[in-house]
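Chemist: Sequence below, structure please.
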Amino acid sequence: EPVENLITWVYDSDSYVPTAKIVGDRHYSIISDYIGRPVQAYDDNGNIVWQADYDIYGNLRNLHGSRQFIPFRQLGQYEDEETGLYYNRFRYYDPNTGLFISQDSIGLASGEFWGKTAIRFCCC
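Modeler: Numbers count the residues shown, from 1 in each chain. All right, here's what the predicted structure looks like:
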């Protein structure tokens, strides 16, 4: 029996950046910015169906379309609509403060302590 409304995500082969969304017989192309955040989605006819801009911390702004049409945000994070936090495999990021709300699960094992800040997470 076929599954209704099954969503298939297609990712770039070298990253976690989504490049397409397939829902039944509908196909959507996803355009991402230079750091991998989805910024636009187009249907099979080339019509824009979703568009978003982000602030420096990854908050959505100037959204065109449904928030959940593409739930991926900063650096491959998945938006938890109930909390407003972004899930990043092992911890949550708060785009309102620009901070992770918990330490990285690898902790001190990496040889360096990075803490909770996005700035330290991103800079080497």
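
Chemist: Now do the contacts for Y93.
Modeler: Taking CB atoms under 8 Å, 6 or more residues apart in numbering, we find Y93 in contact with 58, 74, 77, 85-87, 99-101, 118. From N, CA and C alone the C-beta is placed, and that goes for glycine too.

Chemist: what is it paired to in the beta sheet?
Modeler: For Y93, the beta-bridge partners are Y86, F100 (DSSP bridges).

Chemist: distance of it from G84?
Modeler: Going from Y93 to G84 by CB to CB, to the nearest Å gives 11 Å.

Chemist: tell me, how many neighbours does G24 end up with?
Modeler: 12 (other CB atoms under 10 Å).

Chemist: Please read the previous query as pertaining to R89.
Modeler: By the criterion of other CB under 10 Å, R89 has 10 neighbours.

Chemist: Quick check: it is in a helix.
Modeler: No: assessed with DSSP: H, G, I helix; E, B strand; the rest coil, R89 is coil; it does not lie in a helix.

Chemist: Any stretches of the chain with poor pLDDT?
Modeler: Within the chain, the stretches with pLDDT under 70 are 1, 107-124.

Chemist: how about the strands of it, start to end?
Modeler: Secondary structure of the chain, counting by DSSP state E: strands at 7-11, 18-23, 26-32, 38-42, 48-54, 60-64, 78-80, 85-87, 92-94, 99-100.

Chemist: Switch the contacts of Y93 over to CSV; also include neighbour count and distance to Q40.
Modeler: Output for these, formatted as CSV (neighbours: other CB atoms under 10 Å; distance: CB to CB, whole Å):
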residue, neighbour count, distance to Q40
G58, 20, 17
Q74, 20, 17
Q77, 21, 18
L85, 20, 24
Y86, 24, 19
Y87, 16, 23
L99, 17, 28
F100, 22, 27
I101, 12, 29
A118, 19, 24
